[in-house]
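[1] predicted coordinates and the sequence they were generated for:
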Amino acid sequence: MNSFYPPPNRLPARLETAEFVITPLLPDHVELDHAALMDSIQLLRSWSGSPWPMDDFSIDDNMNDMHWHSEEHEERIAFTFTVLNPEEDYCLGCIYIKTIGEALAENPDLPVQKDGAIIRFWIRDLPKLSPLNDKLLQALKRWFNNEWDFTAVYYHCRAEHTIQVEQFKSGGLKEVAPFTMPTRGGKHILFE
């Protein structure tokens, strides 16, 4: 697969705020990431529209995912970032940056720029952390506007994940279009 974000496009290494640090997801994060995944199983299944992560998803399974994400990052095929607390010893969630091509393959009439990026993210399913969703969205909007070279950025969520749909709307994003991904939980929505 070819890079969808080739050099010389800027590839930011990190973003730091008072509440969190965003840095590429690496095998070094396997235990922190695994703990966040397993604490958020039901949220992630609703968010992804899949049975992932399975109840018996192991650290070894997660390490395989880490290597895969690292390779994608190096080849600029897709980018996965971990969201850590400021001390970088607790995983709060993940951010996924991909080409819009997968959505266009099943929905060729989507009114989007064909070379745009899709952004998806989740924050650990702990009530005390829920305000971070809004802070993360606002930080991501600034980050993608100021530090990345994408021609267009679309935020993606499942229509059934109503908390994130409302978060996107209250965070100032406008709905672009609904679309379907039958193998990924049915109806989805793009925002910008």
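    Sure, I can see it. Numbering: from 1, shown residues only.
[2] just after the lowest-mean-pLDDT helix or strand in the chain, pick out the following helix or strand.
    In the chain, the helix or strand scored least confidently by mean pLDDT, DSSP states H and E is helix 101-106, which has a mean of 88. Going down the chain from helix 101-106, the next helix or strand is strand 117-123, by DSSP states H and E.
[3] which secondary structure elements does the helix or strand that comes right after that next one sit against?
    Past strand 117-123, heading to the C-terminal end, the next element that is a helix or strand (DSSP H and E) is helix 131-146. In terms of contacts (3 or more CB pairs under 8 Å, 6 or more residues apart in numbering; DSSP states H and E), helix 131-146 is packed against strand 91-99, strand 117-123, helix 162-170. All C-beta atoms are positioned from the backbone trio N, CA, C, and that covers glycine.
[4] tell me the most buried of the ones you listed?
    Most buried of the helices and strands packed on helix 131-146, by mean neighbour count (mean count of other CB atoms under 10 Å): strand 117-123, with a mean of 23.
[5] who touches that one?
    Identification of contacts with strand 117-123 by CB atoms under 8 Å, 6 or more residues apart in numbering yields 4-5, 40, 43-44, 47, 83, 92-100, 102-103, 129-130, 132-133, 136, 140, 144, 148, 150, 152-157, 190.
[6] let's see that with 6 Å instead.
    By CB atoms under 6 Å, 6 or more residues apart in numbering, the residues outside strand 117-123 that reach it are 47, 92-93, 95-98, 100, 129, 132-133, 150, 153-156.
[7] I'd like to know which of those residues is nearest to F79.
    I97 (4.1 Å; CB to CB).
[8] is it true that that closest one touches F81?
    No: shown here, I97 and F81 do not form a contact pair, counting by CB atoms under 6 Å, at 7.6 Å.
[9] now do V21 against L15, distance only.
    Separation of V21 from L15 (CB to CB, to the nearest Å) stands at 7 Å.
[10] what are the buried residues along stretch 100-115?
    100, 103, 107, 110, 112 (16 or more other CB atoms under 10 Å).
[11] ok, so of those residues, who is nearest F179?
    Top of the list for closeness to F179, among those and by CB to CB, is N107 at 4.1 Å.
[12] with adjacent residues omitted, what lies nearest to that closest one?
    Nearest non-adjacent residue to N107, counting by CB to CB, 6 or more residues apart in numbering: F179, 4.1 Å away.
[13] residues touching the one you found, list them.
    When contacts are counted by CB under 6 Å, 6+ apart, F179 is found next to 103, 107, 110, 188.
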